[in-house]
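> one predicted model, sequence on top.
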Amino acid sequence: MATMQEVAKRAGVSKATVSRVLTGKGYVSEETKTRVFQAISESGYRPNLLARSLASSTTQTLGLVVTNTLYHGVYFSELLSHAARMTEDKGRQLLLADGKHSAEEERQAIQYLLDLRCDAVIIYPRFLSVDELDAIIDSHTQPIVVLNRRLRKNLSHCVFCDQHAASQQAVSALIARGHRDIALITGSLDSPTGIERLSGYKDALQQQGIAVRNELIVEGKWTPQSGALGVRELLERKVSFSALVASNDDMAVGAIKQLHDSGIAIPGQVSVVGFDDIAMAPFTVPALSSVKIPVTGMIKETINRLIFMLDGGDFTLQSTFPGELILRDSITSGPCA
């Protein structure tokens, strides 16, 4: 592939002159411009996106920041595939930046995309606080929309699922079916989603006058292995439970395998429910009940909102998306039904 230096040599000008022609900044005679464009045509040189866009106010790119600890699992795959497809449908390019392992690195990833002159940025945060996110939005002219976090100040700049209410819904459904001893495998507790799902579990129990028992709660790490380890830990504690909530489907799959290996029938002895309604949920044995998180709708809303902020047009604000419990074979009536 031809380089800018090769174009400059062919046109008989400096590399800086080629750059001025591409950016439209600085005086270049029409004769020189013609020679440069002719050299570009003859050499097959393709200016990079940044160089081609510097002459205009937009780059037709949207940035996405996701912390790499969220990369595993099908939820991220669904998020990224929908974001890429919908961005393409809007005639834009999607750039991904890694938020790495801290709030400062998430902040740097946002700035990196803005330095590349992305027209707007989506962030799926793990470490930045709500107040920090509000401050970042206030300090930049480019639109920034936060996915899966409720902001205090800039409500029009966030799109989220009510994870607390979704967790309440799942636990309440088990209670309604006669379960009282309900175990929980949490997600990572440095994750806002993990914290909200734990809080929803506790509130659902307390609203029905059922005591929260810490011995029925184990911490997971979002992976099938941690789901299996969570069940093993519960069994080692010798606590009785008739239902198990796993904070995502990956952990639920691991939990089901460990329960089966331990000779515990599902749902006959223990009912199981997960979150995210992954593609394999209907095909596990038994088919896994799960709280469906409307990822497609959330991404669509996020991108439509950014396009509206950039271009104008029709816009209807919907910040909160509800989860939906999908009942399958892994849940049955409990001892108190």
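Ah, there it is.
> excluding its backbone neighbours, what's nearest V231?
Q258 (4.0 Å; CB to CB, 6 or more residues apart in numbering). In short, each C-beta sits where N, CA and C put it, glycine included.
> wait, the one you found sits on P224?
No: using CB atoms under 8 Å, Q258 makes no contact with P224, being 9.6 Å away.
> now do the helix or strand containing A228: which elements does it pack against?
Assigned by DSSP states H and E, A228 belongs to helix 224-236. Where contact means 3 or more CB pairs under 8 Å, 6 or more residues apart in numbering; DSSP states H and E, helix 224-236 is packed against strand 182-186, strand 217-219, strand 243-246, helix 249-261.
> switch the cut-off to 10 Å
Packing partners of helix 224-236 (3 or more CB pairs under 10 Å, 6 or more residues apart in numbering; DSSP states H and E): strand 182-186, strand 217-219, strand 243-246, helix 249-261, strand 271-275.
> contact partners of it?
73, 183-188, 215-221, 223, 239-241, 244, 246-262, 264, 270, 272, 274 (CB atoms under 10 Å, 6 or more residues apart in numbering).
> quick one: contacts for Y27?
Contacts of Y27 (CB under 10 Å, 6+ apart): R20.
> could you report the distance from it to S14?
Noted for Y27: a distance of 14 Å to S14, by CB to CB, to the nearest Å.
> intersection of neighbour lists for the two?
Common neighbours of Y27 and S14 (CB under 10 Å, 6+ apart) are R20.
> could you report the neighbour count for A84?
Each residue near A84 was counted by other CB atoms under 10 Å, and the total is 15.
> can you start the count at 691 instead of 1 from here on
Sure, I'll start numbering at 691, so the last one becomes A774.
> for it, what are its contacts?
Contacts of A774 by CB under 10 Å, 6+ apart are L754, Q783, L784, L786, I989.
> same question for D788.
Each residue near D788 by CB under 10 Å, 6+ apart is listed here: V755, V756, T757, N758, Y761, E795, E796, Q798, A799, Y802.
> out of those residues, which end up buried?
V755, V756, T757, E795, E796, Q798, A799, Y802 (16 or more other CB atoms under 10 Å).
> residues touching the first one, list them.
Listed by CB under 10 Å, 6+ apart, the contact partners of V755 are 785-790, 795-803, 811-815, 818, 834, 836-837.
> helices - which of these land there?
Counting by DSSP state H, the contacts of V755 place E795, E796, R797, Q798, A799, I800, Q801, Y802, L803 in helices.
> can you redo these as CSV with distance to C848?
What follows is the ones in helices among the contacts of V755, written out as CSV (distance: CB to CB, whole Å):
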residue, distance to C848
E795, 21
E796, 15
R797, 17
Q798, 21
A799, 18
I800, 15
Q801, 19
Y802, 21
L803, 18
